[in-house]
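*Asks:* Here's my sequence, what's the structure:
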Amino acid sequence: MKLVVLALFAVTDFALADPAGAVRGYLRSLQALNSARMNDFLEKRTANFDMQAFERGTHTKWTWKIQRVAGADVFVDETESSDFYNALGVGRRFQTCVFTVRDGKIVTFDLTSMRHVHGDYHEAYARFLTWLKNQPAANDPRLLRDGKLRFTAESAAAIKPWLKKYARERLAT
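*Replies:* Sure thing, here's the model as predicted:
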C-alpha cells in the first residue's frame, strides 16, 4: 500500500512539473472545441464558450505541434482552418504561441506570430464587416452587436448564408 501511495505522488509531481503535459491537455481540448475542458488547464478560467461554439458552427479544425520546451515555457506551432477564414479569402491560419505553465496550470499564452495562407486576416475581416453592415443582415442582432460581429453558436448559424454570398461575390470580382 505504501509503495502505491508513493508511486501516485511521484506521478502527480511529474504531471505538475511537466509543462508540456498541461499544454498538450489544453490543445487536445482546443481541438475538440471543448472550452470547459480547456479551462481545466488554465490558472484563470478564461476559455470562451461562445468562441468555441462559433468555431464548431464554422467547422474550425485545429492542429498543433509542440516545438520545444524551455523551463516553464512551451513553444507551439498551431494551424487553424475554418469556413469563416475560407469565406474571407485568407485560408488557413498559422500561428506560434508560447505557453507559460506554473504548478501544472497555464498562466499565460502569448501569440508570437500569425499569418494566413492568402493575405492579412485583419484587412479581410474589415472588408467583410463593412460588406456585412451593408446587407440586410446588418439588422440581425444574432450577427452584430454595437457594430461588431458576434462570435457565438447563434451567430455561426446565422452567418452561414452571408459567408457563402460574400465568398461568391469576392470570387466574382
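*Asks:* Okay, now the unreliable bits of this structure?
*Replies:* The chain contains residues with pLDDT under 70 at 1-16.
*Asks:* Which parts of it are helices?
*Replies:* Using DSSP state H, the helices found in the chain span residues 2-17, 19-31, 35-39, 49-57, 83-88, 121-133, 153-172.
*Asks:* For the longest strand along the chain, buried residues please.
*Replies:* Taking DSSP state E as the criterion, the chain has its longest strand at strand 105-116. Burial within strand 105-116, assessed by neighbour count using 16 or more other CB atoms under 10 Å, is assigned to 105-106, 109, 116. For glycine as for every other residue, the C-beta is placed from the backbone atoms N, C-alpha and C.
*Asks:* Now render these as TSV, adding distance to Arg142.
*Replies:* Written out in TSV, the entries for those read as follows (distance: CB to CB, whole Å):
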residue	distance to Arg142
Lys105	35
Ile106	32
Phe109	30
His116	26
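*Asks:* from those residues, which is closest to Trp64?
*Replies:* Nearest to Trp64 out of these is Phe109 (CB to CB; 12.0 Å).
*Asks:* residue contacts, the residue sitting nearest the centre point of the chain?
*Replies:* For the chain, Leu30 is the residue whose C-alpha lies nearest the centre (CA atoms, centre = their mean; 6.7 Å). Contact analysis of Leu30 by CB atoms under 8 Å, 6 or more residues apart in numbering lists 38, 62, 64.
*Asks:* before we move on, the earlier item: which among the helices of the chain is found nearest to Arg145?
*Replies:* Using CB to CB as the measure, helix 153-172 is the one of those that comes nearest Arg145, at 9.2 Å.
*Asks:* Give me the angle between the closest one and helix 49-57.
*Replies:* What separates the directions of helix 153-172 and helix 49-57 is an angle of 50 degrees, with axes from the mean of the first three to the mean of the last three CA atoms, to 10 degrees.
*Asks:* which residues are contacting helix 153-172?
*Replies:* 50, 53-58, 83-84, 86-89, 128, 131-132, 135, 137, 140, 142-143, 149.
*Asks:* try it again with 7 Å
*Replies:* Taking CB atoms under 7 Å, 6 or more residues apart in numbering as the criterion, the residues outside helix 153-172 that touch it are 53-54, 57-58, 83-84, 87, 89, 128, 131-132, 135, 137, 140, 142-143, 149.
*Asks:* All good on my end, thank you.
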